[in-house]
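> sequence first, then the predicted structure:
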Amino acid sequence: MSQFTFLNRQAPYLRPDPARVIVRPFRPATEPRDLNPTEKTRANHIVDRVMALSAEAAAVQLAEVLDNFDGRHRNLLSKFEARADEMEDAFATHESFSIVQRRLIGAYFMHEYSFEAAALFNPSIVAHPDQTGVAAGECRFIISLRAVGEGHVSSLTFRSGIVAADGTITIDPTGRLASLPRIVRQISGVHGDDVELAFRPEDDLSERVIFPVTMAQSNGIEDARFLAFDEGDGTTVYYATYTAYSGSGIRSELIETRDFRTFLLTPLSGAAARNKGMGLFPRRLDGKYAMIARQDNENLYLIYSDDLHFWNGGQAILKPMFPWEFVQIGNCGAPIELEEGWLLLTHGVGPVRKYSIGAVLLDKHDPSKVLARSREPLVRPEPSEREGYVPNVVYTCGAMRHGSLIVLPYAVSDTFSNFATIRIDALLGSLA
């Protein structure tokens, strides 16, 4: 158990819910684009079978589909039509088709996916851009979470809530439905695809799911570390570094948003972006962007760059020192600015691959200088928190300051998420 009495574990738990589903394209083993266009494919065969139905039978089938699935998704017919638009090659051998046939064919090439059936973990937290109606001393926040479903595919989902003046945390009700965004544009660049996504205004924050779009992300958008970036001109941009996983390789990428409704996803380049766990400072330092990263899978580096999307070099500033972090250390999100310096939450890996959370205080004017660090973890797995998909792990992708407190969402055994608050003065007093 943690030796620190200033850490207060809170009541809210965010657990995976297999009832939350999105509807996604179903791709048979071969689609028309995969083979010679003159050759009949499995997709063609499915279309042929639907087209062979009488008009009445097709209408009955579509009505049954809607009766079964319409209450589980918004605008389901439009989703069927959009999917049919992607199947034009499969329609090529048919001279005409009705709107009912087209919608029914779209339905045959879609499936439901329970995006958080397996896990809901590795959260980060930022103040909500809209604080309208919030009482004095309170703060509305947004939590980002890594959701994992069938096939261990990771996506990004969100929740909102309120932290009261005394640190009490409440979570807003989660939307019953879930939605994928529209792809506004996708541009291929030298280092990969830039993708702009937009959700509909009527999609509640908790209904928004960012699912892998590009090949580099195809097996997961993992561990987003959100932060509120001060542009220095009175405006705030929300950035998140995350790991894109293709199934065979990883790289760091960046999300940018101002409203959590439209998002721009771009790859990062440079030698430092070939690993995971990058944490961006929330403002420029001496005119440059700054990042905490771990290029060598073991130590933490401080990197400066004139270009937000290119990261190279760096100076090693933190190496494993204490037994709870002998295997490796890493950052747990963006550094938090305090009057005393930059507070950097870290994770350490110890014996039997046990993950714990600690903290480091960096010099405010020169973050390469380590002023103090945790000799013992702030948070380590409690007996009730050891079991899960990956045992003996507590982990966070970012905390935030709220008055005299640090609000810390953290994941338990790569399965569900919990919250704690930490008194800043006591935390700093515990560092050596």
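Cool, the structure landed. The structure displayed is predicted, hence computed values, not measured ones.
> from the contact counts, what lies against the worst-scoring helix or strand of the chain on mean pLDDT?
Every helix and strand in the chain was compared by mean pLDDT, DSSP states H and E; the lowest is helix 88-91, with a mean of 73. Counting by 3 or more C-beta pairs under 8 Å, 6 or more residues apart in numbering; DSSP states H and E, the packing neighbours recorded for helix 88-91 are helix 42-51. (Each C-beta comes from the backbone N, C-alpha and C, glycine too.)
> what mean pLDDT does the following helix or strand past the helix it packs on get?
Following helix 42-51 in sequence order, the next helix or strand is helix 55-69 (DSSP states H and E). For helix 55-69, mean pLDDT rounds to 97.
> got a list of contacts for helix 55-69?
23, 50, 53, 76-77, 98, 100-101, 103-104, 107, 112 (C-beta atoms under 8 Å, 6 or more residues apart in numbering).
> returning to that earlier point: gap between the least confident helix or strand of the chain and the chain center?
Taking the mean of its C-alpha atoms, helix 88-91 sits 35 Å from the chain's own mean (C-alpha atoms, centre = their mean, to the nearest Å).
> likewise for stretch 201-209?
14 Å.
> do stretch 297-310 as well
The answer for stretch 297-310 is 20 Å, by C-alpha atoms, centre = their mean.
> for it, which positions count as buried?
Across stretch 297-310, burial judged by 16 or more other C-beta atoms under 10 Å covers 299-305, 308-309.
> now stretch 311-322
311, 314, 317-318, 320.
> could I get those as JSON lines with distance to Pro173, pLDDT and secondary structure?
As requested, the buried residues of stretch 311-322 are arranged in JSON lines below (distance: C-beta to C-beta, whole Å; pLDDT from 0 to 100; DSSP: H, G, I helix; E, B strand; the rest coil):
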{"residue": "Trp311", "distance to Pro173": "39", "pLDDT": "96", "secondary structure": "coil"}
{"residue": "Gly314", "distance to Pro173": "43", "pLDDT": "94", "secondary structure": "coil"}
{"residue": "Ile317", "distance to Pro173": "42", "pLDDT": "97", "secondary structure": "strand"}
{"residue": "Leu318", "distance to Pro173": "40", "pLDDT": "97", "secondary structure": "strand"}
{"residue": "Pro320", "distance to Pro173": "42", "pLDDT": "97", "secondary structure": "coil"}
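> of the contacts of helix 55-69, buried ones?
Buried by 16+ other C-beta under 10 Å: 23, 50, 76-77, 100-101, 103-104, 107, out of the contacts of helix 55-69.
> how much space between Tyr355 and Glu222?
Per C-beta to C-beta, to the nearest Å, Tyr355 is found 15 Å from Glu222.
> those two: who's more crowded?
Between Tyr355 and Glu222, Tyr355 has the larger neighbour count (other C-beta atoms under 10 Å), namely 26 against 20.
> hang on, that one packs against His347?
Yes. With contact defined as C-beta atoms under 8 Å, Tyr355 counts as touching His347 (5.6 Å).
> what is in contact with these two at once?
Tyr395.
> just to revisit the earlier point, which one of the buried residues of stretch 311-322 is nearest Ala92?
Trp311 (46.3 Å; C-beta to C-beta).
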